[in-house]
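Chemist: Here is a sequence together with a model predicted from it:
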Amino acid sequence: MKEIIKNVYEYVDNKFYFKLLYLFITLTYVTILKYIPGTNIVKNIVFAWGMLLLLLLIIEDYKRRKIYKFDIPLGIFMILTLIFNLFVYRDMDNIKVWMVNLIVFTIIFTVDVFRNKKELIKEMNTISCFYVVFMLLASGASLIMYLFNMKLTIKNVVFELNGVNGGVFENKNALSIAAALAIVLCIYLNYVTQSHRLKLFWLANIVLQVAVMMVGSHGRSADLIVIAVVYTFVFVYNKNKYLRTVLVLIPILACIGVWQVNKENIRLYTSGRSNLWESAAVVVEQHPLAGVGYNDMIGEVKAARPISDLPGLDVGRLHNIYVETATVNGIISLLLFISFLGIILAFIVEQLDKLQRKEKIQMTTLTSLIVGIIAVNLFESNLINSANFISMIFWIYLGYLVSILDNKNVE
């Protein structure tokens, strides 16, 4: 009996299985799989599992956690937003969102430099294989739907690769981003694979995902993920501090400079998202310290200005995680979150500079995945406050990157 209890405990306390299942569940949120009976039950089971892992973390696992500089702004962010939720917003739904963040930041974003490095790489490669095979099937099915003009209707929802619809995905934007992420992971797997047959398989998958991205060109923000691969390699392989400074300043200045362009041109380029951001800016001006909370954000943005052209607000929220964070939790929370991203990226680059040859290529490719998702969130609201496949991939791989790069346990 003791042996059975021990086996159950080891399984429940295994964060790898939890991450894999959570990633799959979040993929069902945006695909035709969400209509499979029992999906919501599994979703609730995963959340309960996450709460149990939090309890185990508090009781025992925290002893194995090395503390880093980047933990400080993230920890303050969580404490500050908890205070806002309890004493400013006072809404139970906001507390639930905070709990999701807590699970993501402590269980999905797992940093464990004391485990065997090879085991960590094996787990990460398994998750990578799972995702790219899933996308092989999903993109393949979507492309077939496009080529043969097929459509499926489930509960009055039409699935087809036409217009804004994204095949087996709910929309082209999600399909394109998912395909772009699969491309980067296929590039990574191609470098770690020894078998020539598997290399051909990953390359064929890349071709398929590129084809899907071209067909699903409605999701333009996905292009940033591919661009990030080139950007990250240039940044990492050129150690000149002046060039790196320029590379950091370019996207910052580009974001500032774009607002000097004609507003109508900006609105067209961003598919109307700029209207969302302008209305959100009014809300931030009115509530700069604490924001308005997750649950009230949409209503506050709608009431901010006498304008009805707020595309995607009800479904995709503000389509910019940085604007959304300032609107939901205030400017201080935004600065804390940006500080976390800056400190952890600086740490990763510092570790990458120590690597050589093949390992450096592999880890730089995964870093480009992180950079790409950060860039995509200039047009999406996926990194925090929700469980979705983009945030799952970001936090899973960010945790593995730190754990592997700062890990000396190779035996």
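Modeler: That came through, no problem.

Chemist: Where does pLDDT dip in the protein?
Modeler: Residues of the chain meeting the criterion pLDDT under 70: 1-7, 9, 61-64, 163-164, 216-220, 259-264, 409-411.

Chemist: Show me the strands in it, by range?
Modeler: Under the criterion DSSP state E, strands of the chain are mapped to 152-154, 157-159.

Chemist: So what's the residue count around the nearest residue to residue 378 once chain neighbours are set aside?
Modeler: Take residue 378 and drop its neighbours on the chain: the residue closest to it by CB to CB, 6 or more residues apart in numbering is residue 320, 5.8 Å away. Any C-beta I mention is one placed from the backbone N, CA and C, and that applies to glycine too. If you count neighbours by other CB atoms under 10 Å, residue 320 ends up with 22.

Chemist: now swap in residue 404 and tell me
Modeler: 20.

Chemist: Tell me who's in contact with it.
Modeler: Residues counted as contacts of residue 404 (CB atoms under 8 Å, 6 or more residues apart in numbering) are 117, 120, 121, 124, 363.

Chemist: now with 7 Å?
Modeler: 117, 120, 121 (CB atoms under 7 Å, 6 or more residues apart in numbering).

Chemist: What of residue 297?
Modeler: 327, 328.

Chemist: repeat that for 10 Å
Modeler: Going by CB atoms under 10 Å, 6 or more residues apart in numbering, residue 297 touches 94, 280, 283, 291, 313, 317-318, 324, 327-329, 381, 385.

Chemist: Please flag which of the residues you listed sit within helices.
Modeler: Among the contacts of residue 297, the residues falling in helices (DSSP state H) are 94, 280, 283, 313, 324, 327, 328, 329.

Chemist: tell me which of the residues you listed is nearest to residue 233?
Modeler: residue 324 (29.6 Å; CB to CB).

Chemist: Name the nearest residue to the closest one, ignoring sequence neighbours.
Modeler: residue 318 (4.2 Å).

Chemist: Backbone torsions only: list them for that neighbour.
Modeler: phi -90, psi 0 (degrees, to the nearest 10).

Chemist: Relative to residue 10, how far out is it?
Modeler: 42 Å (CB to CB, to the nearest Å).

Chemist: Mind checking which of these two has more residues around it?
Modeler: With neighbours defined as other CB under 10 Å, residue 318 and residue 10 compare such that residue 318 has more, 26 against 9.

Chemist: Now do the contacts for the more buried one.
Modeler: Contacts for residue 318 (CB under 10 Å, 6+ apart) come out as 273, 276-277, 279-280, 283, 297-298, 301, 310, 312, 324-328, 380-381.

Chemist: run the last query once more with 8 Å
Modeler: Counting by CB under 8 Å, 6+ apart, residue 318 touches 276, 277, 280, 297, 301, 324, 327, 381.

Chemist: that older thread, just checking, the residue nearest to residue 378 touches residue 375?
Modeler: No. The criterion here is CB atoms under 8 Å, and residue 320 misses it with residue 375 at 11.4 Å.

Chemist: Could you double-check that residue 189 lies in contact with residue 129?
Modeler: Yes. The criterion here is CB under 8 Å, and residue 189 meets it with residue 129 at 6.9 Å.

Chemist: neighbour-wise, which of the two wins?
Modeler: The neighbour count for residue 189 versus residue 129, taken as other CB under 10 Å, is higher for residue 189 (22 against 15).

Chemist: Name the nearest residue to that one, ignoring sequence neighbours.
Modeler: Spatial nearest neighbour of residue 189, excluding adjacent residues (CB to CB, 6+ apart): residue 202 at 5.0 Å.

Chemist: Then residue 143?
Modeler: Closest to residue 143 by CB to CB, 6+ apart is residue 212, at 5.8 Å.

Chemist: list the contacts for that neighbour?
Modeler: Counting by CB under 8 Å, 6+ apart, residue 212 makes contact with 139, 142, 143, 167, 175, 176, 179.

Chemist: Good, we can wrap up now.
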